[in-house]
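**Q** what follows is a protein structure lacking sequence information:
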Ligand code: URA
């Protein structure tokens, strides 16, 4: 007979768990027959001993089977992307309209902000969009517009909901098999057949070790492929904020500006790469050809029009951002030199705290690692009432490390695992 004590002992001896044993503890914890204490012991042991690919695949399946799966087959082949979470990462709001402009379909399930990272749900809501839509309405928007951004349904991978909450409380988040099964089960339940995963590496990400980030990316791709999903993972930089703006409102505003101006920046560059991989897989064309198509819908304004359509279909309005004069306060560089480090995590945490106050919309960071700055140069704009800006200015400045000797821009993409 399987018992939780036996499974804990088995992992202590570094033994592999069978499919039946994995289903036993996932189902048991989800239905309440295994307690928090027992599950914590097992999770801690999994963090220590790890799991091989096959065990992680069984764990993913057990979690996937704990709830409903979205059936998107009536839309043909749907595309999806996932970011493991970062600061100023608004790629979804750029990618969804880009790929819908190219006649591909996307039903994007999005969550709110988690810790210091921003959430697509919060940013899309800044356009006044409603993300809680019945399936009929989702279907209607996908058929007419091509892309829709919605909240994750209550019954999507309930096992992950319960296990992830426990991991968060018990310091057992940081485990490659646990992260991989958590992310991949939710992606599989969301029903897309072509998926690009964006695994963030760096000080502003879960994965702070490049080798581990690559291992996670590669494991997730393998498990998705077992389910016949065309999958690819990018390992991208999160050692500084991806875009220039932080805070849901400011990030939504930055997306509109990027689509209007089509000006090269790291956020657009990564979004173009992910969109191109998705389109190349869907249309079975080379990455270069897909890149050209993506470039075209950005330069001819189709992607911006598509974002407008998406927002209107979900009850919002892009005009919210038109011609708006927002007042801000400036933080200036405390020295001359080169930017050596920007602490993305701390910037994210500070901005989230700032945005909890009435009238605070976020910040704009005006430099990147490798930039040369002079004493007194403007490096941050704080879009908040003066009393808050004054309180936060010094703390924001502490997120920057300066160097007297030349520093260099950080890479954007470290690896693509196909
Ligand atoms: N994101 C998830 O959805 N799950 C994890 O375990 C970590 C990040």
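**A** Sure, I can see it. Model, not experiment: these values are computed from the prediction.
**Q** would residue 87 count as being in a strand?
**A** No - read with DSSP: H, G, I helix; E, B strand; the rest coil, residue 87 is coil and lies in no strand.
**Q** adjust the sequence numbering to begin at 58 for everything that follows.
**A** Shifting the count to begin at 58 puts that one at residue 144.
**Q** neighbours of it, how many?
**A** 30 (other CB atoms under 10 Å). The way it works is simple: take the backbone N, C-alpha and C, and place the C-beta from them, glycine included.
**Q** and the residue in the chain that the ligand sits nearest to, how far is that from residue 159?
**A** Per CB to the nearest ligand atom, residue 239 is where the chain lies closest to the ligand, at 3.5 Å. Noted for residue 239: a distance of 30 Å to residue 159, by CB to CB, to the nearest Å.
**Q** doesn't residue 223 make contact with the residue of the chain closest to the ligand?
**A** No - using CB atoms under 8 Å, residue 239 is not in contact with residue 223, being 11.5 Å away.
**Q** out of those two, which sits in the more crowded spot?
**A** residue 239 (21 against 15).
**Q** confirm that the more buried one sits in a strand.
**A** No - counting by three-state DSSP, residue 239 falls outside a strand, being helix.
**Q** and the residue nearest to it when sequence neighbours are not counted, what element?
**A** Spatial nearest neighbour of residue 239, chain neighbours left out: residue 217 (5.1 Å); criterion: CB to CB, 6 or more residues apart in numbering. Assigned by DSSP states H and E, residue 217 belongs to helix 215-227.
**Q** mind checking how far that helix is from the chain centre?
**A** 18 Å (CA atoms, centre = their mean, to the nearest Å).
**Q** which residues does it contact?
**A** Residues outside helix 215-227 that contact it (CB atoms under 8 Å, 6 or more residues apart in numbering): 83-84, 86-87, 93, 96-97, 100-101, 119-120, 123-124, 229-230, 235, 238-239, 242-243.
**Q** the same query, at a cut-off of 7 Å, please.
**A** Helix 215-227 has contacts (CB atoms under 7 Å, 6 or more residues apart in numbering) with 83, 86-87, 93, 96-97, 100, 119-120, 123-124, 230, 235, 239, 242-243.
**Q** buried subset of those residues, written for PyMOL?
**A** Entered in PyMOL, the line below selects the buried ones among the contacts of helix 215-227, by 16 or more other CB atoms under 10 Å:
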select buried, resi 83+86+87+96+97+100+119+120+123+124+230+235+239+242+243
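**Q** in the helix holding residue 217, what counts as buried?
**A** 216, 217, 218, 219, 220, 221, 224, 227.
**Q** filter the residues you listed by proximity to the ligand?
**A** Residues of the buried residues of helix 215-227 in contact with the ligand (CB under 6 Å from any ligand atom): residue 221.
**Q** so what pLDDT did the closest residue in space to residue 262 that isn't next to it in sequence get?
**A** Closest residue to residue 262 apart from its sequence neighbours, by CB to CB, 6+ apart: residue 295 at 3.8 Å. Each residue has a pLDDT score; the one for residue 295 is 97.
**Q** equivalent analysis for residue 425, please.
**A** For residue 425, pLDDT reads 98.
**Q** who's in contact with it?
**A** Contacts of residue 425 by CB under 7 Å, 6+ apart are 297, 396, 466.
**Q** quick revisit: how near is the residue nearest to residue 262 to residue 323?
**A** In terms of CB to CB, residue 295 sits 11 Å off from residue 323.
**Q** looking at the buried residues of helix 215-227, spot the one nearest residue 269.
**A** residue 224 (16.7 Å; CB to CB).
**Q** would you mind measuring the gap between the ends of stretch 418-430?
**A** One end of stretch 418-430 to the other measures 25 Å (CA to CA, to the nearest Å).
**Q** quick one: that stretch to chain centroid distance?
**A** For stretch 418-430, the distance to the chain centre is 21 Å (CA atoms, centre = their mean).
**Q** and what of stretch 444-454?
**A** So, by CA atoms, centre = their mean, the centroid of stretch 444-454 is 27 Å from its chain's centroid.
**Q** what does stretch 188-195 give?
**A** With CA atoms, centre = their mean, you get 22 Å for stretch 188-195.
**Q** quick check: end-to-end length of it?
**A** 10 Å.
**Q** do stretch 295-305 as well
**A** End-to-end distance (CA to CA), stretch 295-305: 18 Å.
**Q** can you list contacts of that stretch?
**A** 143-147, 175, 179-180, 183, 257-262, 308, 310-311, 323-324, 327, 399, 401, 404-405, 408, 412, 418-422, 425-426, 467.
**Q** would you mind listing what in the stretch 58-207 of the chain touches the ligand?
**A** Near the ligand, when you scan the stretch 58-207 of the chain using CB under 6 Å from any ligand atom, you find residue 141.
**Q** now the strands for the stretch 58-207 of the chain?
**A** 135-140, 162-167, 204-208 (DSSP state E, counting those that start in this stretch).
**Q** which parts of the first one are buried?
**A** Looking back up the chat, that one is strand 135-140. Buried-residue list, strand 135-140, by 16+ other CB under 10 Å: 135, 136, 137, 138, 139, 140.
**Q** give the rounded mean pLDDT of that strand.
**A** Here the average pLDDT along strand 135-140 is 96.
**Q** relative to strand 204-208, how tilted is it?
**A** 50 degrees (axes from the mean of the first three to the mean of the last three CA atoms, to 10 degrees).
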